[in-house]
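Enquirer: Need coordinates for the following:
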Amino acid sequence: MSRRKPRPKSPAAPAPAPAVRPEGPCPCGLPAPYGECCGRFHTGAATAPTAERLMRSRYSAFVVRDAPYLLRTWAPATRPRSVDFDPDMRWTGLEVHAAEDGTLFHTTGTVTFTARYTHRGEPGALRERSRFEKADGQWLYVDGTFDGE
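Expert: Purely as a prediction, here's the structure:
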């Protein structure tokens with residue numbers, strides 16, 4: 001009887017991203033449909049005009065698992081090589097608490113928000129104060145500090 005070496009387990013395929021349709025509600029919480037709200041930023045048809053809109057579109061990109069968008073809207077100095085999505089994480093809501101600067105007339109801004117989620121069925125919340133900068137007319141995420149909730 002020959003002995004076979006056990007095969008290494010291949011990583012589990014990531015769970016599919018939640019279905020978000022262009023005509024459906026935008027995950028960011030604004031009243032416009034996804035295609036007219038964050039979807040147009042994700043496709044590259046438009047760029048976010050303010051730091052808050054960029055933050056909202058990045059939250060929506062986490063919902064739909066759009067790694068290319070997240071990477072292209074991340075400041076080069078702090079950008080990771082890749083974005084890994086936890087297949088057990090489902091983002092369930094966004095609440096913006098404050099936006100400082102970050103308008104058409106600024107080059108920096110901060111946005112404080114709470115992103116709600118479920119992880120393996122358990123609810124949770126992430127509270128972050130994100131920093132943004134404008135480079136070549138485009139808002140970019142720099143980094144953020146987290147608060148417990």
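
Enquirer: Okay, now the unreliable bits of this protein?
Expert: Where the chain drops to pLDDT under 70, the residues are 1-18, 148-149.

Enquirer: For it, just list every one of the helices.
Expert: Listed in chain order, the helices of the chain (DSSP state H) span 38-43, 51-64, 67-72.

Enquirer: Please identify the most buried of those.
Expert: Most buried of those, by mean neighbour count (mean count of other Cβ atoms under 10 Å): helix 51-64, with a mean of 24. Backbone N, C-alpha and C define where each C-beta goes, glycine included.

Enquirer: follow-up on the earlier one: out of the helices of the chain, nearest to H106?
Expert: Smallest distance to H106 across the helices of the chain (Cβ to Cβ): 7.7 Å, for helix 51-64.

Enquirer: Dump the helices of the chain into JSON lines; add distance to T118 as well.
Expert: As requested, the helices of the chain are exported to JSON lines (distance: least, Cβ to Cβ, whole Å):
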{"stretch": "helix 38-43", "distance to T118": "21"}
{"stretch": "helix 51-64", "distance to T118": "12"}
{"stretch": "helix 67-72", "distance to T118": "20"}
